[in-house]
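Enquirer: Return a 3D structure for these sequence lines:
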Amino acid sequence: MIETADLPAPDDRAPVRRALLSVSDKSGLAELGRRLAALGVELLSTGGTARALRDAGLDVTDVADVTGFPEILGGRVKSLHPRVHGGILARRTSAADLAELDEHGIGAIDLVVVNLYPFREAVASADVTDALAAENVDIGGPGMLRAAAKNFAFVGAVVDPGDYDAVAQELEDHGGTLGLATRRRLAHAAFAHTADYDAAIAAYFAGGADSEGGAATGGAEDDAAAPLPDALFLDLPRAEALRYGENPHQAAALYGDPAARYEALHGKALSYNNLLDLTAALDLIAEFDAAPPTVAILKHTNPCGVGQAAGGLEAAYHKAFATDRQSPFGGIVVVNRPLDRATAEAIDAVFTEIVIAPAFEDGVLAFLEQKKNRRLVRALPRPARPAPVLRSVAGGVLAQAPDGPLAPAAELRDAWSVPTERAPTEREWADLDFAWRVCKHVKSNAIVYARDGATLGVGAGQMSRIDASEVAVAKGAKSGLDFAGCVVASDAFFPFADGLEAAAEAGAVAAVQPGGSVRDDEVVAAADARGLAMAFTGRRHFRH
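Expert: Alright, predicted model coming up:
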C-alpha cells in the first residue's frame, strides 16, 4: 500500500487553468469549449475533437504539440505519454511532484473531458467481427479518465456530456474553480463508466463473434450455448427510481438500459410489478414473431389467455379473452402486430393496466390515451445477444442463459419424437406447437390446454401436475369452453400416468411433453390405451 498521509489536504476548491478534451460523442462539445475559453482555460485536444473545436472558432493546442510526438498507428497512440499523464496525476500539494513537473517542462492538466469509443454500439450488430470489436476498444481514453479520477483531489474528470453545463456553471460561479464535492462526484461517475465499459468488453469476448466474423444469431440454441463469465461484473446505471418494489414498504429502482427493449408512450411510470409483467409479456410474444396475428393476456407474469387468428388481432383477442373472463381485469395485453382500432376498442372494454404492441395504427394511440392511467408501450425487437438472466439467492446471484424463443414449427416437428402408436394429425401438430410455446411461459408446474390457436385452460404454479391440470380445466369450464378434441402441453414430463389420464378425461386427444421420466413407458401405454397421440420434445421449460 502506498502511504500519502503526510501530504497536506487539498483546498476545497481547485483552479482549472488547462483542460484536455478528447471525446467520441461530440454533443455539447463546442458550447463547453466556448465557456471554458471564456474563462481563460487553455484547451488541449486530439484528432477529431480538436477539429470540432477549431470548427467552432476556438484556439486549441494539439496534444502532439505537448508531447512532441505525433499520433501514430492510425491514432491508436496519441495520449499515452508522460507529458499528458504526468500533468494529470501530479499532486498539487506535493513539492516533489511539482518539482518533477518543472524539471521536465510538464504543465498541469486540471480538467479531463473524455468519453470513450462506442464499444457497445459497435458490437450490437449481428454481423460484428472480432476485428471491428477490437478497433472499438478505447485505450487512451480510459487511461486519462482513470488518472483524472484517481487524482480527484486536484483534477476534474468529466465523462458524461450531461455534466457539461453543471461543470461550466460552477466554474463561472466560482472564479474558475471546482469544488471537492464536485470532483469526487465526477470521479465516481468516471470510475463507474470505465468499469461498465470494461465489463462490456469482457462480456463480448466471453462469447461474441469468432475471429472469422459473424456473431451468434440468438434464439434458444445459441442462448443456451453462450458461456457464462468466470466473474460477473454488474455496473448498470440507474435508469429510474421506482415508487416502491413489490410492496409499498420496499424501496426499488430500475437499472440498465430499458430503451433497448421497449418505449413507454403514455401513462403513469411503470412500477416494479409492471416491469416484471412487461418482461414476461415481451418474452412470450417473441415466440410468435412469425405466427399469424396473436394476442396474449397476462396477469402476475402468467398468461391467462393466448389466441391467434388469421383474420386479425381482434379475433385473436376474443380467443385469448375467452379462456379466462375474470383474470384479464387489470392485466397486460401484448400483440405481435401493429394494434388496430377494432382490437383497441375490444381491449378498452375491460380495464387493462398495460397495452404492448410493436406499433399502433393511426388514431389508436389517441383513442387509448383517453384513459390517463393506462400504460401504452411500444415493443422493440429482441436483441441479438440477450443478457444472462439474473436472480438473487441466499449468498449470491444465479445467472443463466435465457430460454430464448423456440425454433420455427417445422424445425421443432423434425426435432420432436412420437412414442405413441398414433401420430398427431396436421391440425394436432399445429395445436401442439401453439400450446408448447404458451406453456413455456407459464410458471411451473404448468399445464396448457389448447385448440385451434386458442388456449382453453391454463394451470400455473401448482404443487403437482394433477393440480395444474384441474385448475386449467376448472378455468375453462367457468368460461363455458368445450375441451373435446383439444391438446395438452406440460412444461416437464408427466411423472405418473394419472396426469395424462386426467387430460384425456378432460377431452385432450394429443399431448406434448419433454419425456424423460422413468415411467415414460407407463405414460405412453396410457396414451395408447386412450388413442392419444403424443410428442416428446426432449427439452423441458421449468419456470420457477
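Enquirer: looking at this structure, which residue lies furthest from center?
Expert: No residue in the chain sits farther from the centre than Glu103, which is 51.5 Å out by CA atoms, centre = their mean.
Enquirer: Pretty sure that one sits in a helix.
Expert: Yes - under DSSP: H, G, I helix; E, B strand; the rest coil, Glu103 falls within a helix.
Enquirer: where does the residue nearest to Val137 when sequence neighbours are not counted land on pLDDT?
Expert: Using CB to CB, 6 or more residues apart in numbering and skipping residues adjacent in sequence, the residue nearest Val137 is Ile201, 5.9 Å away. (Glycine included, C-beta is placed from N, CA and C.) Confidence at Ile201, expressed as pLDDT, is 78.
Enquirer: wait, Ile201 sits on Phe119?
Expert: Yes - contact status for Ile201 versus Phe119: in contact at 6.1 Å, counting by CB atoms under 8 Å.
Enquirer: Overlap in contacts, those two.
Expert: With contacts taken as CB atoms under 8 Å, 6 or more residues apart in numbering, the residues that reach both Ile201 and Phe119 are Ala133, Val137.
Enquirer: For the chain, name the helix or strand with the lowest mean pLDDT.
Expert: helix 219-225 (a mean of 45; mean pLDDT, DSSP states H and E).
Enquirer: Can you identify the element that follows it toward the C-terminus?
Expert: Reading on from helix 219-225 to the C-terminus, the next helix or strand found by DSSP states H and E is strand 238-242.
Enquirer: which stretches of this structure have low pLDDT?
Expert: For the chain, residues meeting the criterion pLDDT under 70 lie at 1-11, 68-80, 120, 122-126, 206-227, 233-235.
Enquirer: try it again with 80
Expert: For the chain, residues meeting the criterion pLDDT under 80 lie at 1-11, 47, 63-85, 94, 97-98, 100-101, 117-140, 196-197, 199-237, 384-385.
Enquirer: Looking at it, which helix is longest?
Expert: Across the chain, the helix with the greatest residue count (assigned by DSSP state H) is helix 180-206.
Enquirer: Off-centre distance for that helix?
Expert: On the basis of CA atoms, centre = their mean, to the nearest Å, helix 180-206 sits 19 Å off its chain's mean C-alpha point.
Enquirer: quick one: which helix or strand includes Ala344?
Expert: According to DSSP H and E, Ala344 maps onto helix 341-348.
Enquirer: what's the next secondary structure element after that helix?
Expert: Taking DSSP H and E as the definition, the helix or strand that follows helix 341-348 towards the C-terminus is strand 352-357.
Enquirer: Buried ones in stretch 330-338, by neighbour count?
Expert: Taking 16 or more other CB atoms under 10 Å as the neighbour-count basis, stretch 330-338 is seen to contain the buried residues Gly331, Ile332, Val333, Val334, Val335, Asn336, Arg337.
Enquirer: what sits up against that stretch?
Expert: Contacts with stretch 330-338, where a contact means CB under 8 Å, 6+ apart, come from 277-278, 281-282, 284-285, 288-289, 291, 293-299, 304, 313, 316-317, 343, 347, 351-361, 379.
Enquirer: Let's see the PyMOL selection covering just the buried ones among those.
Expert: Isolation of the buried members of the contacts of stretch 330-338 (16+ other CB under 10 Å) is achieved in PyMOL through the command below:
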select buried, resi 277+278+281+282+284+285+288+291+293+294+295+296+297+298+299+304+313+316+317+343+347+352+353+354+355+356+357+358+360+379
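Enquirer: Next, Leu298: secondary structure please.
Expert: Criterion first, three-state DSSP; result for Leu298: strand.
Enquirer: Could I get the contacting residues of it?
Expert: Asp277, Ala280, Ala281, Leu284, Cys304, Gly331, Ile332, Val333, Val334.
Enquirer: element containing the residue nearest to it when sequence neighbours are not counted?
Expert: The shortest distance from Leu298 to any residue that is not its chain neighbour, by CB to CB, 6+ apart, is 4.6 Å, and that residue is Ile332. The secondary structure element spanning Ile332 is strand 331-335 (assigned by DSSP H and E).
Enquirer: same question, Arg337
Expert: Taking DSSP H and E as the criterion, Arg337 maps to no regular element, lying outside all helices and strands.
Enquirer: Spit out the contact partners of the residue nearest to Val137.
Expert: For Ile201, the contacting residues are Phe119, Ala133, Val137, by CB under 8 Å, 6+ apart.
Enquirer: Report the contact partners of the first one.
Expert: If I follow you right, that is Phe119. Contact partners of Phe119, counting by CB under 8 Å, 6+ apart, are Ala133, Asn136, Val137, Asp138, Tyr197, Ala200, Ile201, Tyr204.
Enquirer: Would you mind pointing out the helix or strand the fourth one falls in?
Expert: According to DSSP H and E, Asp138 maps onto no helix or strand at all.
Enquirer: which outside residues touch stretch 181-189?
Expert: 14, 148-150, 152-160, 163, 166-167, 170.
Enquirer: Name the residues linked to the nearest residue to Gly331 once chain neighbours are set aside by a beta bridge.
Expert: Leaving aside its sequence neighbours, Gly331 sits nearest to Lys299 (CB to CB, 6+ apart; 4.4 Å). Beta-bridge partners for Lys299, by DSSP bridges, are Asn302.
Enquirer: Identify each buried residue in stretch 161-179, please.
Expert: By neighbour count on 16+ other CB under 10 Å, the buried set for stretch 161-179 is Pro161, Asp163, Tyr164, Val167, Ala168, Glu170, Leu171, Gly176, Thr177, Leu178.
Enquirer: quick one: contacts of whichever strand or helix holds Phe434?
Expert: Element membership of Phe434 [criterion: DSSP H and E] is helix 426-439. Among residues not part of helix 426-439, those counted as contacts by CB under 8 Å, 6+ apart are 284, 287-288, 296, 303, 306, 308, 406, 409, 412-413, 424, 446-453, 455, 458, 486-491, 509-512, 533, 535, 537, 541.
Enquirer: mind running it again at 6 Å?
Expert: 287, 303, 306, 406, 409, 446, 448, 450-451, 453, 455, 487, 489, 491, 510, 512, 535 (CB atoms under 6 Å, 6 or more residues apart in numbering).
Enquirer: From these, which land in strands?
Expert: Under the assignment DSSP state E, the contacts of helix 426-439 contribute Pro303, Val306, Val448, Ala450, Thr455, Val487, Ala489, Ala510, Val512, Ala535 to strands.
Enquirer: Which one of these is nearest to Ala322?
Expert: The shortest approach to Ala322 among those belongs to Thr455, at 8.8 Å (CB to CB).
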